[in-house]
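Trainee: Sequence plus the predicted model coming up.
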Amino acid sequence: MWNTTMTSTQARIILLFSGKRKSGKDYVTDVIQKRLTAEMCCILRLSAPLKQQYAKDHSLDYEELLGSGQYKESYRADMICWGEMKRQQDSGFFCRLAIKHATQPIWIISDCRRMSDVQWFHEEFPDRCICVRVEASEQTRSQRGWRYATGIDDAESECGLDEGVKFDFIIRNDGADDVLEKQLEDLLSLIKSREEESNTLHNIKPEK
Ligand SMILES: Nc1ncnc2c1ncn2[C@@H]1O[C@H](COP(=O)(O)OP(=O)(O)O)[C@@H](O)[C@H]1O
Ligand SMILES: C[C@@](O)(CCOP(=O)(O)OP(=O)(O)O)CC(=O)O
């Protein structure tokens, strides 16, 4: 189905995922990666290099910060502040680190939060980005363990992409498997058609 004869390690397609806490970004991106295979598609998190550097600077446990337990939550507000300070100095700081070792032709960036994240990818990789929003109702998110937290759920970290972004695809993830399945099929078709366009462009030989 997919062309695996890559001539460069740079991505052909970049899926920029965003969505509120517990909307299901990890769940959905895992399914998509499985369908595309790990050979073709990697999942990259902007929060991974952030947590790594934050853990180092503050003598904390990086693995615990990667988990979904209380440890991460107790540092979330401070990590947000620290990350924002870094981004003010260099808006592409975490984006560059996150993609550094990626070799697959399709990248999923699973946690875009800020306009600067989306802009950075669009500027670095024009015509390769597909912006995907995952949405779930507050009721669904609550059932998945979400509790509103002032300073987090009303801050840029959660709301930075609520307005001003034209999403190429919106996934409603409220729990019905067949509804999600149909949307995933549509998104996979979009990825495939972009892949074909991109292959066509890359295979055009320069005129002699
Ligand atoms: N469509 C779904 N079907 C079943 N469980 C789901 C679905 N979407 C999300 N979940 C579950 O809800 C929880 C939160 O989802 P997650 O992907 O971690 O959210 P996010 O990454 O947006 O914070 C996880 O336990 C996940 O397995
Ligand atoms: C400081 C953060 O990067 C922490 C993000 O941690 P996760 O990526 O694990 O987030 P959730 O899926 O919302 O639990 C947030 C930020 O604003 O950069």
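Mentor: Perfect, I can see it now. Ligands and ions are numbered 1, 2, ... in the order given.

Trainee: can you pull the buried residues of the lengthiest helix in the chain?
Mentor: Longest helix in the chain by number of residues (criterion: DSSP state H): helix 177-203. Going by neighbour count (16 or more other CB atoms under 10 Å), the buried part of helix 177-203 is 180, 183-184, 187, 190-191, 194-195, 198. All C-beta atoms are positioned from the backbone trio N, CA, C, and that covers glycine.

Trainee: Same question for stretch 142-159.
Mentor: 146, 155, 157-158.

Trainee: Rounded mean pLDDT for that stretch, please.
Mentor: Stretch 142-159 comes out with an average pLDDT of 93.

Trainee: Please apply the same query to stretch 11-25.
Mentor: Averaged across stretch 11-25, pLDDT comes to 96.

Trainee: That one near ligand 1 at all?
Mentor: Yes. Judged by CB under 6 Å from any ligand atom, stretch 11-25 and ligand 1 are in contact via 19, 21-25.

Trainee: Just give me how far that stretch sits from the chain centre.
Mentor: Remark: stretch 11-25 is offset 4 Å from the chain centroid, using CA atoms, centre = their mean, to the nearest Å.

Trainee: Just the pLDDT for residue 69.
Mentor: pLDDT recorded at residue 69 is 85.

Trainee: How much space separates it from ligand 1?
Mentor: 12 Å (CB to the nearest ligand atom, to the nearest Å).

Trainee: Closest to ligand 1 out of the buried residues of helix 177-203?
Mentor: Distance to ligand 1 across the buried residues of helix 177-203 (CB to the nearest ligand atom) is lowest for residue 180, with 5.2 Å.

Trainee: Around the spatially closest residue to that closest one that is not a sequence neighbour, how many other residues sit close by?
Mentor: Leaving aside its sequence neighbours, residue 180 sits nearest to residue 173 (CB to CB, 6 or more residues apart in numbering; 6.0 Å). Using other CB atoms under 10 Å, residue 173 has 24 other residues around it.
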